[in-house]
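>>> structure here, sequence nowhere to be found:
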């Protein structure tokens with residue numbers, strides 16, 4: 001058999017949880033549109049929610065309070081806003097305030113190019129609030145890691161998935177080179193653009209360290225993150241979400257404070273997303289990463 005894809009890994013993790021752990025999965029249009037990109041198994045323990053877009057999180061939090069450790073599927077990450085209140089103001093606070101945990105596993109599925117209300121990456125917003133674990137797995141091994149972390153802890157977890165990862169079978173490993181000119185840190189779908197950008201830069205004699213970021217909160221600054229930057233002296237944190245007050249700026253600040261090195265944030269421009277080509281606001285691709293690195297090195 002071949003290697004498992006991310007989608008197959010999610011389906012396997014889910015099936016085991018629902019059939020062996022008395023788990024629960026809740027979401028809208030689970031069966032109607034292809035089992036959420038074929039990531040949900042056809043088995044007991046699934047609750048199809050009505051298309052209200054705002055009620056699901058409250059039901060999921062209630063299930064978490066009674067020990068079901070629910071998986072709550074949000075088909076488009078933009079809808080985290082609509083579901084945010086029960087998650088932010090109850091699930092994330094109840095452990096600290098009332099010593100009663102609400103461990104809900106939120107699958108918030110991102111995408112690019114699906115229009116102004118279906119293409120958002122909103123993990124940055126939830127990084128702002130205490131009580132959440134937040135991650136963005138893009139590989140089969142990473143998904144297994146974050147699932148084990150969820151089971152080992154009793155905090156609500158925001159899992160920033162991306163449809164671009166579902167067909168991936170490969171692990172994305174860091175690449176550290178001697179005498180690097182720049183260290184590139186990447187989150188979510190832009191991780192697939194790193195090697196393309198590095199190839200173009202290296203054709204011009206610019207050496208790049210490549211570091212993949214899985215955990216956004218807690219963001220623990222380790223030697224794995226600081227040593228490449230201390231070598232190169234300059235870095236860029238790249239995220240498919242909005243740059244201003246976003247994950248890229250937050251993590252760039254943390255890395256700057258830990259090392260004293262100059263670290264730039266790179267994310268979406270400060271304008272709405274749209275399908276119309278003149279108004280598109282896509283995640284940074286290899287070309288934009290290349291341009292940003294050139295600009296930073298020329299400063």
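Nice, I can see it. Remember, it's a predicted structure, so these values are computed and weren't measured experimentally.
>>> quick check: residue 105 touching residue 74?
No: if you go by C-beta atoms under 8 Å, residue 105 and residue 74 don't touch, sitting 11.3 Å apart. Any C-beta I mention is one placed from the backbone N, CA and C, and that applies to glycine too.
>>> what's the offset of the lowest-mean-pLDDT helix or strand in the chain from the middle of its chain?
Within the chain, no helix or strand scores below helix 34-38, which has a mean of 92 by mean pLDDT, DSSP states H and E. Helix 34-38 has its C-alpha centroid displaced from the chain centroid by 19 Å (C-alpha atoms, centre = their mean, to the nearest Å).
>>> which elements pack onto it?
For helix 34-38, the packing partners by 3 or more C-beta pairs under 8 Å, 6 or more residues apart in numbering; DSSP states H and E come out as helix 6-20.
>>> averaged pLDDT, the helix it packs on. What do you get?
Averaged across helix 6-20, the pLDDT comes to 98.
>>> how about stretch 199-211?
Mean per-residue pLDDT for stretch 199-211: 97.
>>> can you measure across it, start residue to end residue?
15 Å (C-alpha to C-alpha, to the nearest Å).
>>> what sits against the residue nearest in space to the middle of the chain?
Central residue of the chain (C-alpha atoms, centre = their mean): residue 136, 2.5 Å from the mean position. Applying C-beta atoms under 8 Å, 6 or more residues apart in numbering to residue 136 gives the contacts 123, 159-162, 187-188, 213-214, 216.
>>> try it again at 6 Å.
Contacts of residue 136 were listed using C-beta atoms under 6 Å, 6 or more residues apart in numbering, and they are 160, 187-188.
>>> distance check, it against residue 240.
Separation of residue 136 from residue 240 (C-beta to C-beta, to the nearest Å): 9 Å.
>>> okay, and the common contacts of these two?
residue 188.
>>> now do the helices in the stretch 1-150 of the chain.
Secondary structure of the stretch 1-150 of the chain (DSSP state H, counting those that start in this stretch): helices at 6-20, 34-38, 56-65, 80-86, 94-98, 123-127, 140-152.
>>> want to throw the ones you listed into a markdown table with mean neighbour count and distance to residue 175?
Shown next, in a markdown table, are the helices of the stretch 1-150 of the chain (neighbours: other C-beta atoms under 10 Å; distance: least, C-beta to C-beta, whole Å):
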| stretch | mean neighbour count | distance to residue 175 |
| --- | --- | --- |
| helix 6-20 | 20 | 21 |
| helix 34-38 | 17 | 29 |
| helix 56-65 | 21 | 38 |
| helix 80-86 | 18 | 32 |
| helix 94-98 | 13 | 38 |
| helix 123-127 | 23 | 24 |
| helix 140-152 | 17 | 17 |
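>>> those helices into JSON lines, with extra columns for distance to residue 273?
Listed next are the helices of the stretch 1-150 of the chain as JSON lines, based on distance: least, C-beta to C-beta, whole Å:
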{"stretch": "helix 6-20", "distance to residue 273": "24"}
{"stretch": "helix 34-38", "distance to residue 273": "20"}
{"stretch": "helix 56-65", "distance to residue 273": "23"}
{"stretch": "helix 80-86", "distance to residue 273": "14"}
{"stretch": "helix 94-98", "distance to residue 273": "34"}
{"stretch": "helix 123-127", "distance to residue 273": "15"}
{"stretch": "helix 140-152", "distance to residue 273": "26"}
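>>> out of those, flag the one nearest residue 292.
Proximity to residue 292 (C-beta to C-beta) singles out helix 123-127 among these, at 18.6 Å.
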